[in-house]
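Trainee: When you get a sec, could you give me coordinates for this:
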Amino acid sequence: MQRIVMMVVICLALLVAACGPSVKVQRVPTDTVADLSGKWNSTDSRLVAEEMIRDVVSRPWLSTFQQQHGRSPVVIIGTMRNLSSEHIEMGTFVSDISRELINSGAVRFVASKDMRDEVRDERTDQQYFASEETAKRMAQELGADYMLKGTLKTIMDSVDRTSAKYYQVDLELIDVETTETVWIGNKEIMKLVERNRFK
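Mentor: Reported below is the predicted structural model:
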């Protein structure tokens, strides 16, 4: 009799477990390091942006410009190209760089090309539809002094269940008027990914 009761209890426990949710979701802080697949992720994007912007605003070009012009330089972000073999959302990386640049307080920042186009459409509309007192003036935009451009590349290698993923981010800061490159930054990330023998 005792054995039958035990079997019933075990069967009920297995039934409850089988009927439970198959996916477990847990909310975690956005700065949590989560390397699940070894691919480029939000942590890489954030840490690379933080480190490279810290570097660019600590270099001599900034103090040289401030001494020559008596103001902070205006920076715009140009093309950020993904030349890697992975699908990487470069928009997230651009947002991380933009945030770090603005929050550094060392430079003034101009909106991206798409955003500027939208603002220009709004300003054009205001010339026709807004009151004269509130319509914003044309041709008053802030001209950028420097453009920040970059690329992200990868090199992959693997043997058996172990693969090595090498990421290289290169950024360049270019004088818009003279096309002189005043800063080049480089950040490398190497990841070793080991697959489970049974998967």
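
Trainee: Helices along this structure, start to end?
Mentor: 2-19, 42-56, 60-69, 90-104, 113-129 (DSSP state H).

Trainee: To Tyr167, which of these lies closest?
Mentor: Among those, the nearest to Tyr167 by Cβ to Cβ is helix 42-56 (6.9 Å). All C-beta spots, glycine's among them, are computed from the backbone N, C-alpha and C.

Trainee: Would you mark the buried spots in that closest one?
Mentor: Across helix 42-56, burial judged by 16 or more other Cβ atoms under 10 Å covers Ser42, Asp44, Ser45, Arg46, Val48, Ala49, Met52, Ile53, Val56.

Trainee: What ranges in the chain fall below the confidence cut-off?
Mentor: For the chain, the stretches flagged by pLDDT under 70 are 1-21, 30-31, 197-199.

Trainee: try 80
Mentor: Scanning the chain for pLDDT under 80 picks out the ranges 1-23, 25-37, 196-199.

Trainee: tell me, what residue is most central in it?
Mentor: Nearest to the mean C-alpha position of the chain, by Cα atoms, centre = their mean, lies Phe93 at 1.8 Å.

Trainee: quick one on the thing from earlier: and the helices of the chain, which is most packed in?
Mentor: Highest mean neighbour count of the helices of the chain: helix 42-56, a mean of 19 (counted as mean count of other Cβ atoms under 10 Å).

Trainee: Which elements pack onto that helix?
Mentor: Judged by 3 or more Cβ pairs under 8 Å, 6 or more residues apart in numbering; DSSP states H and E, helix 42-56 is in contact with helix 90-104, strand 162-175, strand 181-194.

Trainee: could the ones you listed be laid out in TSV, adding distance to Ser84?
Mentor: Converted to TSV, the helices and strands packed on helix 42-56 look like this (distance: least, Cβ to Cβ, whole Å):
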stretch	distance to Ser84
helix 90-104	10
strand 162-175	7
strand 181-194	11
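
Trainee: Of all these, which one is nearest Val33?
Mentor: Nearest of the helices and strands packed on helix 42-56 (Cβ to Cβ): strand 181-194, 12.1 Å.

Trainee: The closest one packs against which elements?
Mentor: Using 3+ Cβ pairs under 8 Å, 6+ apart, the elements in contact with strand 181-194 are helix 42-56, strand 162-175.

Trainee: Identify the nearest residue to the residue nearest to the centre of the chain in space, disregarding sequence-adjacent positions?
Mentor: Ser45 (4.7 Å; Cβ to Cβ, 6 or more residues apart in numbering).

Trainee: In this structure that neighbour contacts Met90, no?
Mentor: No: here Ser45 does not reach Met90: they are 9.1 Å apart, not a contact under Cβ atoms under 8 Å.

Trainee: what about the helices and strands packed on helix 42-56, which gets the closest to Met138?
Mentor: helix 90-104 (25.1 Å).

Trainee: for the closest one, packing partners?
Mentor: In terms of contacts (3+ Cβ pairs under 8 Å, 6+ apart), helix 90-104 is packed against helix 42-56, strand 74-82, strand 108-109, strand 146-159.

Trainee: Kindly export the last one (C-alpha atoms) in CSV.
Mentor: Right, the one you point to is strand 146-159. What follows is strand 146-159, C-alpha atoms only, in CSV (Å, rounded to 0.1, in the frame of the first residue of the first chain):
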residue,chain,number,x,y,z
TYR,A,146,34.8,66.9,-36.3
MET,A,147,33.3,63.6,-37.5
LEU,A,148,33.7,60.3,-35.7
LYS,A,149,33.7,57.3,-38.0
GLY,A,150,34.3,53.7,-37.3
THR,A,151,34.3,50.0,-38.2
LEU,A,152,33.8,46.7,-36.4
LYS,A,153,35.6,43.6,-37.7
THR,A,154,35.8,40.0,-36.6
ILE,A,155,38.2,37.1,-37.0
MET,A,156,36.8,33.6,-36.1
ASP,A,157,38.7,30.4,-35.6
SER,A,158,37.6,27.0,-34.2
VAL,A,159,38.8,23.6,-33.4
